[in-house]
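Chemist: Model the structure of this input:
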Amino acid sequence: MPEPVANTSRANFNDIETTTLRILNGFAIDLMAIPNVEDLFWYVAQKVVGKLGFVDCVIYQANADQTALTQVAAWGEKNPFGRSIVNPLVIPVGQGITGKVAQNQEPAIIDDLLRDQNYIPDTEPARSEICVPLKIGDRVLGVIDSEHPNIGAFGEAELETLTTVAAMTSAKLALLEEAERSSRRYNDLVVAHSELSAEKVNRKELEIRLSEARHLESIGRLSGQFAHDFNNLLTVISGNLELLEAELSNSDALAFLQDGKNAAARGAKLIQDMLAFSQKARLNPEVCDLNALAEAVCRRNERDLGSTVELHPATELWPVCLDRAAAENAFWNLMTNACDTASVNDRIFISTENVLIERPSSIVLSNELEPGRYVRVGVQDLGTGISDKDLQRIFDPFFTTKPAGSGVGLGLSMVLGFAQQSGGAVSVKSCPGQGSTFHLYFPAAPANAHTSLTNNP
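Modeler: Numbering: from 1, shown residues only. Below is the predicted model of the structure:
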């Protein structure tokens with residue numbers, strides 16, 4: 001653990017505070033992409049608490065009826081076996097310091113374990129302990145625990161830090177629970193629909209599409225609420241970083257501070273993508289030419305794409321009414337996805353065209369469009385393609401086939417949310433080994449909108 005604050009110089013204190021904020025900012029961003037409870041617990045133990053100066057960390061998970069705590073992750077001397085627990089410790093709720101914290105749902109700091117009647121001696125000697133509960137509402141999900149060989153090693157600073165980590169972890173656990181419930185409900189609906197008789201095939205397909213739409217809508221509402229609340233946390237973190245910057249003069253500390261500010265900015269971008277998916281982003285639509293907009297995106301980013309982009313614009317393209325910045329972000333997401341799947345020297349094809357949507361329509365879209373005039377933007381690659389299994393999930397938030405650290409899986413969900421919020425839709429065709437084609441449909445602006453058309457993005 002870091003030395004007590006009373007014995008720490010102002011410069012060292014600022015360094016510790018900056019490092020703590022930097023780690024918490026990184027946790028806030030990575031939190032979005034952690035896919036399951038097991039990965040979450042190990043991440044918190046090893047990459048959050050383990051990097052905050054605690055000499056060890058043990059995380060316990062409560063069972064369904066909240067009668068016992070089971071050791072599920074650890075860091076330090078108590079975890080010499082990597083990411084595995086040999087003979088995990090099970091503590092009844094109400095017994096020992098950890099069990100009492102779970103029962104009372106309040107954190108605890110023990111300055112001298114040998115003087116505490118609730119202390120259960122461990123294989124490793126310890127003299128002080130800090131415990132913080134993980135909870136959702138009135139329900140305890142687990143406990144984060146850390147011990148130290150010295151008396152009085154933990155104070156208010158450590159308690160505040162560990163409480164913040166527990167709150168963020170609990171929020172992610174709530175999201176994972178809701179996602180699991182939504183998945184079970186969705187799977188139940190699919191099973192029920194699959195049992196319908198053959199003569200109801202058309203009705204079954206419509207109901208499945210409706211079920212998928214409701215599933216995405218449910219996740220969208222959840223994502224929107226989480227994004228709103230998390231944005232408030234990022235605002236506080238960013239504000240504190242700015243205040244801290246005014247107090248620092250050490251160049252190394254300022255470099256750490258800049259890392260924290262960059263992480264907060266990445267988090268804010270992530271939140272904006274979540275708001276776009278949930279269709280709660282604030283849009284400022286204006287009449288624009290998608291030919292000019294697509295050309296500008298390619299021109300500004302051609303060095304970063306790593307592939308040759310061929311633009312095939314339609315003549316006399318109808319104007320559309322869109323938020324220009326959000327449209328550029330959507331195009332950029334599709335283009336980078338296409339480049340990620342393409343081989344070296346492969347080409348990416350961008351096309352635009354005017355289309356008429358009629359009813360019934362043979363085009364399979366993400367959502368039904370009213371009949372009328374639309375402008376279609378296509379992004380085609382000749383890369384690896386998408387399997388049928390993955391094709392059903394590519395617009396789900398946080399779904400990604402990329403390796404860890406290469407993306408959080410919000411790009412396509414953001415594209416879908418932006419298109420639908422703009423009155424349009426998305427379609428995708430793909431064949432493994434032959435590439436993919438994404439089409440965005442946007443309503444054409446009224447004929448009198450030509451008078452206010454601006455071609456220069």
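
Chemist: For residue 154, which three-state class applies?
Modeler: Following DSSP: H, G, I helix; E, B strand; the rest coil, the label given to residue 154 is coil.

Chemist: For the stretch 51-200 of the chain, just list every one of the helices.
Modeler: For the stretch 51-200 of the chain, helices defined by DSSP state H, counting those that start in this stretch occupy the ranges 96-104, 156-194.

Chemist: okay, those helices in a markdown table with mean pLDDT, mean neighbour count and distance to residue 135 next?
Modeler: Using the backbone N, CA and C atoms, a C-beta is placed for each residue, glycine as well. Shown next, in a markdown table, are the helices of the stretch 51-200 of the chain (pLDDT from 0 to 100; neighbours: other C-beta atoms under 10 Å; distance: least, C-beta to C-beta, whole Å):
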| stretch | mean pLDDT | mean neighbour count | distance to residue 135 |
| --- | --- | --- | --- |
| helix 96-104 | 93 | 21 | 9 |
| helix 156-194 | 86 | 16 | 6 |
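
Chemist: Can you check which of those gets nearest to residue 25?
Modeler: Proximity to residue 25 (C-beta to C-beta) singles out helix 156-194 among the helices of the stretch 51-200 of the chain, at 11.0 Å.

Chemist: Tell me which other helices or strands the closest one touches.
Modeler: Helices and strands touching helix 156-194, by 3 or more C-beta pairs under 8 Å, 6 or more residues apart in numbering; DSSP states H and E, are helix 10-30, helix 37-43, strand 128-136, strand 139-148, helix 201-247.

Chemist: and the end-to-end length of stretch 357-371?
Modeler: One end of stretch 357-371 to the other measures 5 Å (C-alpha to C-alpha, to the nearest Å).

Chemist: Pipe the helices of the stretch 51-200 of the chain into JSON lines and attach distance to residue 66 per row.
Modeler: Shown next, in JSON lines, are the helices of the stretch 51-200 of the chain (distance: least, C-beta to C-beta, whole Å):
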{"stretch": "helix 96-104", "distance to residue 66": "8"}
{"stretch": "helix 156-194", "distance to residue 66": "14"}
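
Chemist: between these, which gets nearest to residue 324?
Modeler: helix 156-194 (31.8 Å).

Chemist: Residue 413 falls within a helix, correct?
Modeler: Yes - counting by three-state DSSP, residue 413 is part of a helix.

Chemist: surely it meets residue 395?
Modeler: Yes - Residue 413 is in contact with residue 395 according to C-beta atoms under 8 Å; the separation is 5.4 Å.

Chemist: what comes into contact with stretch 148-166?
Modeler: 1, 4-5, 20, 24, 27, 44, 48-49, 52, 54-55, 107, 109, 111-112, 125-130, 132-134, 144, 146 (C-beta atoms under 8 Å, 6 or more residues apart in numbering).

Chemist: Please indicate which of those are buried?
Modeler: By neighbour count, with 16 or more other C-beta atoms under 10 Å, those hold 1, 20, 24, 27, 44, 48-49, 52, 54-55, 107, 109, 126-130, 132-134, 144, 146 as buried.

Chemist: Domains in this structure, by residue range?
Modeler: 34-174, 285-452 (automatic domain parsing).

Chemist: about what we covered before: among residue 413 and residue 395, which residue is more densely surrounded?
Modeler: residue 413 (25 against 19; other C-beta atoms under 10 Å).

Chemist: Check the gap between residue 97 and residue 103 for me.
Modeler: Separation of residue 97 from residue 103 (C-beta to C-beta, to the nearest Å): 11 Å.

Chemist: brain fart, residue 55
Modeler: 26 Å.

Chemist: swap in residue 443?
Modeler: 58 Å.

Chemist: same question, residue 430
Modeler: 53 Å.

Chemist: next one: residue 140
Modeler: 8 Å.

Chemist: isn't residue 54 right next to residue 147, touching?
Modeler: No - the criterion here is C-beta under 8 Å, and residue 54 misses it with residue 147 at 9.1 Å.

Chemist: give me every residue that touches residue 443.
Modeler: By C-beta under 8 Å, 6+ apart, the contact set of residue 443 is 320, 321, 372, 373, 374, 375, 422, 423, 424.

Chemist: Might you report the residue contacts of the residue lying closest to residue 44 once chain neighbours are set aside?
Modeler: Spatially, and ignoring its direct neighbours in sequence, residue 44 is nearest to residue 169 (5.4 Å; C-beta to C-beta, 6 or more residues apart in numbering). Applying C-beta under 8 Å, 6+ apart to residue 169 gives the contacts 40, 44, 134, 144.

Chemist: same thing but 10 Å
Modeler: Applying C-beta atoms under 10 Å, 6 or more residues apart in numbering to residue 169 gives the contacts 27, 31, 34, 40-41, 43-44, 48-49, 59, 132, 134, 141-142, 144.

Chemist: For the residues you listed, point out the one with the lowest pLDDT.
Modeler: The pLDDT minimum for these sits at residue 31, where the score is 83.

Chemist: Distance check, it against residue 39.
Modeler: From residue 31 to residue 39 the distance is 11 Å (C-beta to C-beta).

Chemist: Between those two, which is the more surrounded one?
Modeler: residue 31 (21 against 15).

Chemist: For the stretch 351-457 of the chain, just list every one of the helices.
Modeler: According to DSSP H, counting those that start in this stretch, the helices that the stretch 351-457 of the chain contains are 388-391, 411-421.

Chemist: give me phi/psi at residue 336?
Modeler: Here is the backbone geometry of residue 336 (degrees, to the nearest 10): phi -70, psi -40.

Chemist: Number of residues surrounding it?
Modeler: If we define neighbours as other C-beta under 10 Å, then residue 336 has 17 of them.

Chemist: That one is in contact with residue 309, isn't it?
Modeler: No - if you go by C-beta atoms under 10 Å, residue 336 and residue 309 don't touch, sitting 11.2 Å apart.
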